[in-house]
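A predicted structure for the sequence below; I have some questions about it.
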Amino acid sequence: MGLGEEWLGVILDHKYLDRLLSISRKYGISPVGEGGEFETFVLDAPHFRRKIRVLEHEKHWYRDWGVLYIRKAILVDKSK
């Protein structure tokens, strides 16, 4: 409830964080996904030697839930 198809594949930045917190207050969902509201996939982090770049993906939406399938991805060296 509150998270639609447009949320599949988004990069969670400050813009989306504000929207997610608003949805959390309105619908009572956990903003960290606790309880199964959503799953995340980390593409880059400070402790990663390389980052993941998604080249191909597919979105599948089923009434009120969806899945983002990553079909092709590569490891990329980080810029110094």
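Thanks, I have the structure now.

Which residue comes closest to residue 75 once chain neighbours are left out?
Leaving aside its sequence neighbours, residue 75 sits nearest to residue 50 (CB to CB, 6 or more residues apart in numbering; 4.4 Å). For every residue, glycine as well, the C-beta is placed using N, CA and C.

For that neighbour, list the residues it contacts.
By CB atoms under 8 Å, 6 or more residues apart in numbering, the contact list for residue 50 reads 75, 76, 77, 78.

bridging residues for the second one?
Here residue 76 sits in beta bridges with residue 51, as judged by DSSP bridges.

how close does residue 7 sit to residue 67?
Separation of residue 7 from residue 67 (CB to CB, to the nearest Å): 12 Å.

Who has more neighbours out of those two?
For residue 7 and residue 67, the more surrounded residue by other CB atoms under 10 Å is residue 7, and the numbers stand at 16 against 11.

isn't the more buried one right up against residue 38?
Yes - contact status for residue 7 versus residue 38: in contact at 7.3 Å, counting by CB atoms under 8 Å.

Can you give the contact residues for the helix or strand containing residue 26?
Counting by DSSP states H and E, the element that carries residue 26 is helix 14-27. Residues outside helix 14-27 that contact it (CB under 8 Å, 6+ apart) are 1, 2, 3, 10, 12, 29, 30, 31.

what does stretch 51-70 give?
Residues from elsewhere that reach stretch 51-70, judged by CB under 8 Å, 6+ apart: 1, 5, 8-9, 41, 43-44, 71-76, 78.

want to throw the contacts of residue 50 into CSV with neighbour count?
As requested, the contacts of residue 50 are exported to CSV (neighbours: other CB atoms under 10 Å):
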residue, neighbour count
75, 10
76, 12
77, 8
78, 10
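
Quick check: the farthest pair among those residues?
The two members of these with the most space between them (CB to CB) are 75 and 78, at 10.1 Å.
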